[in-house]
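Engineer: how does the following fold in three dimensions:
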Amino acid sequence: MNLELVMQELEALGKERTKKIYESNGANEPLFDVNTGAMKPIAKKIKINQPLAEQLYTTGNYDAMYFAGIIADPKAMTEADFERWIDAAYFYMLSDFVVAVTLSETDIAQEVADKWIASGEELRMSAGWNCYCWLLGSRPDGEFSESKITNMLELVRKTIHDSPERTKYAMNNFIYTVGVSYLPSHDIALNTAKAVGPVEVNRDKKKSNFIVASENIQKQVDKGRIGFKRKHVRC
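Structural biologist: Next up, the predicted model:
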């Protein structure tokens, strides 16, 4: 399938109800409003196709950009490619669920994510922290430095409350993921979560929400799910 045919199939799958959901989360035109689950039959036909993924991502169409992540070949992508992708990721559903996910399947994931976390830019930081969540939630514990993860937890403890909105979500998710999926630092993550306490988000709205990593970690402890690893990261 070529770019034109894929765009036609995606457009045919669009739903107005889905559009409202995407727009409420920050998506802008152009978009076709496709439920991500509805993309799977097209993905099965195409499988992995990095050149087509690049063409789709550069359209600026949200649905095409999301689908690009599904059919991309992460190991064929360079750091420069990921920089281009994160530059074009204009809201968190792209930065965290397309770029970070795709990056997490590469050998350069930690190196690139570390740079994004240190960038000071909201969506880069969010993608960096979330990339570690995808990594920790799917790869063996032995692939990570325990001291590094401990230092990252300490950085979260010190800075989360003053971080940009989407970065706070990602940092909170990092604490939770370490607590659930990275056994060597489970206790430290739980103590960090308790020290951080409730994290205020959506401060630009009339009523703030609060997210509490310690409660969510404890729920997984009660369910006996500590040590959980995903079999697959991408759809």
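Engineer: from here on, contacts and neighbour counts on C-alpha atoms
Structural biologist: Noted.
Engineer: which phi and psi does the residue nearest the centre of the chain have?
Structural biologist: Centroid-nearest residue in the chain, with Cα atoms, centre = their mean: Asp96, separated by 2.7 Å. Main-chain dihedrals, Asp96, degrees, to the nearest 10: phi -90, psi -30.
Engineer: list the buried residues in stretch 184-201.
Structural biologist: By neighbour count with 16 or more other Cα atoms under 10 Å, stretch 184-201 contains the buried residues 184-186, 188-193, 196-201.
Engineer: and the contacts of stretch 6-21?
Structural biologist: With contacts defined as Cα atoms under 8 Å, 6 or more residues apart in numbering, stretch 6-21 is touched by 31-35, 38-39, 42, 63-64.
Engineer: please name the residues that touch Gly207.
Structural biologist: Just so we're on the same page, residue 207 is Lys rather than Gly. So Lys207 contacts nothing (Cα under 8 Å, 6+ apart).
Engineer: tell me where the model's unsure across the protein.
Structural biologist: The chain contains residues with pLDDT under 70 at 203-206, 235.
Engineer: now the strands for it?
Structural biologist: All strands of the chain, identified by DSSP state E, fall at 199-201, 209-211.
Engineer: export the ones you listed as CSV, with columns for distance to Arg225.
Structural biologist: Shown next, in CSV, are the strands of the chain (distance: least, Cα to Cα, whole Å):
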stretch, distance to Arg225
strand 199-201, 24
strand 209-211, 20
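Engineer: flag every buried residue along stretch 219-235.
Structural biologist: Quick answer for stretch 219-235 (16+ other Cα under 10 Å): 220, 226-229, 233.
Engineer: what's it in contact with?
Structural biologist: By Cα under 8 Å, 6+ apart, stretch 219-235 touches 40, 70, 101-102, 105, 134, 136-139, 179-183.
Engineer: which members of the residues you listed are classed as buried?
Structural biologist: Neighbour-count burial within the contacts of stretch 219-235 applies to 70, 101-102, 105, 134, 136-139, 179-183; the criterion is 16+ other Cα under 10 Å.
Engineer: in TSV: the buried residues of stretch 219-235, plus distance to Lys75.
Structural biologist: Listed next are the buried residues of stretch 219-235 as TSV, based on distance: Cα to Cα, whole Å:
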residue	distance to Lys75
Gln220	32
Ile226	29
Gly227	26
Phe228	25
Lys229	21
Val233	14
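Engineer: so which of these are in helices?
Structural biologist: Among these, DSSP state H puts Gln220 in helices.
Engineer: show me which of the buried residues of stretch 219-235 is closest to Ile149.
Structural biologist: For the buried residues of stretch 219-235, the closest approach to Ile149 (Cα to Cα) belongs to Gly227, at 15.4 Å.
Engineer: backbone phi and psi for that closest one, please?
Structural biologist: Reported as degrees, to the nearest 10, the phi and psi values for Gly227 are phi 100, psi 0.
Engineer: follow-up on the earlier one: which two among the buried ones among the contacts of stretch 219-235 are spaced furthest apart?
Structural biologist: Ile70 and Leu183 (29.3 Å).
Engineer: chain neighbours aside, what residue packs nearest to Gly128?
Structural biologist: Ala113 (4.1 Å; Cα to Cα, 6 or more residues apart in numbering).
Engineer: roughly how far does that neighbour sit from His161?
Structural biologist: Distance, Ala113 to His161, using Cα to Cα, to the nearest Å: 21 Å.
Engineer: so between those two, which is more surrounded?
Structural biologist: Neighbours were counted for Ala113 and for His161 using other Cα atoms under 10 Å; Ala113 has more, 23 against 18.
Engineer: my understanding was that that one contacts Leu135; is that so?
Structural biologist: No: Ala113 is beyond contact range of Leu135, at 10.5 Å (criterion: Cα atoms under 8 Å).
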